[in-house]
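K.L.:
Structure, please.
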Amino acid sequence: MNRDDIDWAGYLPAVVTPFTESGALDTETMHALIEQYVERGMHGAVVNGTCGEWFSQSVDERKTVAETAVGAANGRMRVLVGCTSNTVENVQVLARHALDAGADGVLVSPPPYIKLFPNEVVTWYEEVSAAVKGPTVVYNWPHGTGIDIDSDLADRLADIDSIVAIKDSTPNADQFFETSRRVRDRVRVFGPYMSARGVEVLRTEGGDGTVGGGSLFGAPDPAFWESYWAGDFESMERYAAIQDRLFPKLWLPGGWAGIYGGYQSQLKALMHMLDQPAGHVRRPRLPVNDPEALSAMRAVLVDEGLLAPTAGQS
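P.N.:
Alright, predicted model coming up:
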């Protein structure tokens, strides 16, 4: 199994998991969010990843999220389901359920907290591959796992059966683009191509897609990739310039957290401002409630044209 066995490409939002204010899973809001993503032309969606707060859900809840997303998408876009856990047996349970429910593939990071050595990472994915026997995405998330899958290690993982893609969230841009060059012949690569540097790499070397934290821009996110496939690099450059300005105004270097709160907390606050279904975060995450922080976030959205100014703003 390799990149040619799947057709995943373009923009896939990393979907938040909506909870009620009391902390209950809110499947109605999640269904509405998936429907909005379909309407806005997303090329797929990833649920129960970092944005999806999988870490604060029970196994049954994670299964419900997978079923809700697949049912809401109803074949209109690809759905990938995060199945990260600390044992291969747990990954297998979640992955087999997701695939049987109709997911197109599963997303698995190295187990968190354990901080595996490179040979252990290879063995982990070999065992995951043998257990899952379905299209699997390597998820490189250094801030959550304590390890950064470098280009040499990614090169080894790309040869494992069932590995068809990598979602690379390394904070090291040089490393990401080297990994892209090294493994794209065998697996699809999703990462930070939607930047000025990324556009140049797409122009000269190619790339597959981006799994972004939600979709603050809406339809322009998948339109970036539509422009790429059409060879319209001028449109891509205009979009990338906005992204490059926006990111440091809202997110800490490396993108592991928001300037005004936890990644999921800030993302959901921004989504509410943009009238996107998002729900609440669940503890241990806390919401962004500070009025000054919310005002500053709103001002960023206004500055970049994502929100219209309110009375008194210019």
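
K.L.:
and Asn172, how many neighbours?
P.N.:
Around Asn172 there are 15 other residues, counting by other C-beta atoms under 10 Å. Backbone N, C-alpha and C define where each C-beta goes, glycine included.

K.L.:
residue contacts, it?
P.N.:
By C-beta atoms under 8 Å, 6 or more residues apart in numbering, Asn172 lies in contact with Asp148.

K.L.:
ok, now which ones touch Arg156?
P.N.:
Contacts of Arg156 were listed using C-beta under 8 Å, 6+ apart, and they are 118, 122.

K.L.:
and if we set it to 6 Å?
P.N.:
Val122 (C-beta atoms under 6 Å, 6 or more residues apart in numbering).

K.L.:
Over to Glu200?
P.N.:
With contact taken as C-beta under 6 Å, 6+ apart, Glu200 is in contact with no other residue.

K.L.:
again with the one 10 residues further on
P.N.:
Residues counted as contacts of Thr210 (C-beta under 6 Å, 6+ apart) are 11, 190, 193-194.

K.L.:
quick check, distance from the helix or strand that it is a member of to the centre of its chain.
P.N.:
Using DSSP states H and E, Thr210 falls within strand 209-213. How far strand 209-213 lies from its chain's middle: 5 Å, per C-alpha atoms, centre = their mean, to the nearest Å.

K.L.:
Name the surrounding residues that touch the helix or strand just after it.
P.N.:
Towards the C-terminus, the helix or strand next in line after strand 209-213, according to DSSP H and E, is helix 220-230. Counting contacts by C-beta under 6 Å, 6+ apart, the residues outside helix 220-230 that touch it are 10-11, 41-43, 194, 202, 215, 235-236, 239.

K.L.:
Excluding residues flanking it in the chain, which one is nearest Leu25?
P.N.:
Counting by C-beta to C-beta, 6 or more residues apart in numbering, Glu61 is the residue found nearest to Leu25 once chain neighbours are left out, at 5.3 Å.

K.L.:
What are the buried residues along the helix or strand hosting the one you found?
P.N.:
Counting by DSSP H and E, the element that carries Glu61 is helix 59-73. For helix 59-73, burial by neighbour count (16 or more other C-beta atoms under 10 Å) applies to 61-70, 72-73.

K.L.:
cool, stretch 266-279 as well?
P.N.:
Within stretch 266-279, the residues that qualify as buried by neighbour count (16+ other C-beta under 10 Å) are 266-274, 276-279.

K.L.:
likewise stretch 138-147?
P.N.:
Within stretch 138-147, the residues that qualify as buried by neighbour count (16+ other C-beta under 10 Å) are 138-145, 147.

K.L.:
same question for it, mean pLDDT?
P.N.:
If you average the pLDDT over stretch 138-147, you get 96.

K.L.:
between the strand holding Thr210 and helix 220-230, how many degrees?
P.N.:
Comparing the axes of strand 209-213 and helix 220-230 via axes from the mean of the first three to the mean of the last three C-alpha atoms, to 10 degrees yields an angle of 170 degrees.

K.L.:
what mean pLDDT does strand 209-213 have?
P.N.:
This predicted structure assigns strand 209-213 an average pLDDT of 98.

K.L.:
same question, stretch 165-173
P.N.:
Predicted confidence along stretch 165-173 averages 97 (mean pLDDT).

K.L.:
gap between the helix or strand containing Lys167 and the chain center?
P.N.:
Per DSSP H and E, Lys167 falls inside strand 163-168. Between the centre of strand 163-168 and the centre of its host chain there is 12 Å, according to C-alpha atoms, centre = their mean.

K.L.:
mind putting the buried residues of helix 59-73 in a markdown table, distance to Ser22 and pLDDT included?
P.N.:
Converted to a markdown table, the buried residues of helix 59-73 look like this (distance: C-beta to C-beta, whole Å; pLDDT from 0 to 100):
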| residue | distance to Ser22 | pLDDT |
| --- | --- | --- |
| Glu61 | 14 | 98 |
| Arg62 | 19 | 98 |
| Lys63 | 21 | 98 |
| Thr64 | 17 | 98 |
| Val65 | 18 | 98 |
| Ala66 | 23 | 98 |
| Glu67 | 22 | 98 |
| Thr68 | 19 | 98 |
| Ala69 | 22 | 98 |
| Val70 | 26 | 98 |
| Ala72 | 23 | 98 |
| Ala73 | 27 | 98 |
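
K.L.:
Distance to Leu252 for those residues - can I get that in a markdown table?
P.N.:
Below are these laid out as a markdown table (distance: C-beta to C-beta, whole Å):
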| residue | distance to Leu252 |
| --- | --- |
| Glu61 | 28 |
| Arg62 | 27 |
| Lys63 | 32 |
| Thr64 | 31 |
| Val65 | 27 |
| Ala66 | 30 |
| Glu67 | 34 |
| Thr68 | 31 |
| Ala69 | 28 |
| Val70 | 33 |
| Ala72 | 31 |
| Ala73 | 31 |
